[in-house]
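Visitor: can't give you the sequence, but here's the structure:
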């Protein structure tokens, strides 16, 4: 069973701080890694799909890196704003068959204080 | 365009009753997924439909859970004889294509509370 770990579980930062959190996964049989943002009372929103070792992706103030050899991905938020408050989820497909089924980590809940 | 919609948004039921949760995927999306998030837990895969293929039911927690997808579009998740541990947010997602590198688009969820 694929084990996806996210840390920290929760994070409180001040507006303007930059922050980062981690998604860890087994380095063998890697196919793809998905990052989602889930704001309270809204639908989870896709941020990035990462597939290649060394991938770096950016969307506004949010960026992500991927290291498949050591089994981790970092998500960075530069200059956090209150609207960045959400739970950030990473997810990976569990096996060799090319289905969309995803195994999610427990998430990192970010609270940005004005 | 319209996103994934789910109904009801909230459902409160008594232990032992049956409930039906509905998902309307994005038009043209061939893959449909159900997940749930119980209190303090991560998102848990339940079931996956892809076109006319047999669904992947490997995540359904018990035989009280079933799902169908009619006409390759709308899906209904049915929970029979609900238990308190079934209380969770049930999320539906759809995608096209339907591979492991393809983005899934989520609905807003149904919050189920079993008293």
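Guide: Right, received. Where do you want to start? Just so it is clear, the structure is predicted and the values come from calculations on it, not from any experiment.
Visitor: and residue 68, what does it touch?
Guide: Defaulting to chain A. A:27, A:30, A:52, A:53 (Cβ atoms under 8 Å, 6 or more residues apart in numbering or on different chains). The C-beta positions use only the backbone N, C-alpha and C, and glycine is treated the same way.
Visitor: switch to chain B, that's the one I care about
Guide: By Cβ under 8 Å, 6+ apart, residue B:68 lies in contact with B:75, B:76, B:78.
Visitor: what about 7 Å?
Guide: B:75, B:76 (Cβ atoms under 7 Å, 6 or more residues apart in numbering or on different chains).
Visitor: Could I get the pLDDT score of residue A:96?
Guide: Residue A:96 is assigned a pLDDT of 68 by the prediction.
Visitor: what does chain A put close to chain B?
Guide: Within chain A, the positions near chain B by Cβ under 7 Å from any Cβ of the partner chain are A:31-32, A:42-44, A:46, A:49, A:51, A:89, A:93, A:98-107.
Visitor: re the thing from before, of the contacts of residue A:68, buried ones?
Guide: With neighbours counted by 16 or more other Cβ atoms under 10 Å in any protein chain shown, the contacts of residue A:68 contain buried members at residue A:30.
Visitor: excluding its backbone neighbours, what's nearest residue A:80?
Guide: Leaving aside its sequence neighbours, residue A:80 sits nearest to residue A:112 (Cβ to Cβ, 6 or more residues apart in numbering or on different chains; 4.5 Å).
Visitor: what residue ranges in chain B score low on pLDDT?
Guide: B:1 (pLDDT under 70).
Visitor: In CSV, list the contacts of residue A:68 along with secondary structure and pLDDT.
Guide: Below are those laid out as CSV (DSSP: H, G, I helix; E, B strand; the rest coil; pLDDT from 0 to 100):
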residue, secondary structure, pLDDT
A:27, coil, 88
A:30, coil, 89
A:52, coil, 93
A:53, coil, 93
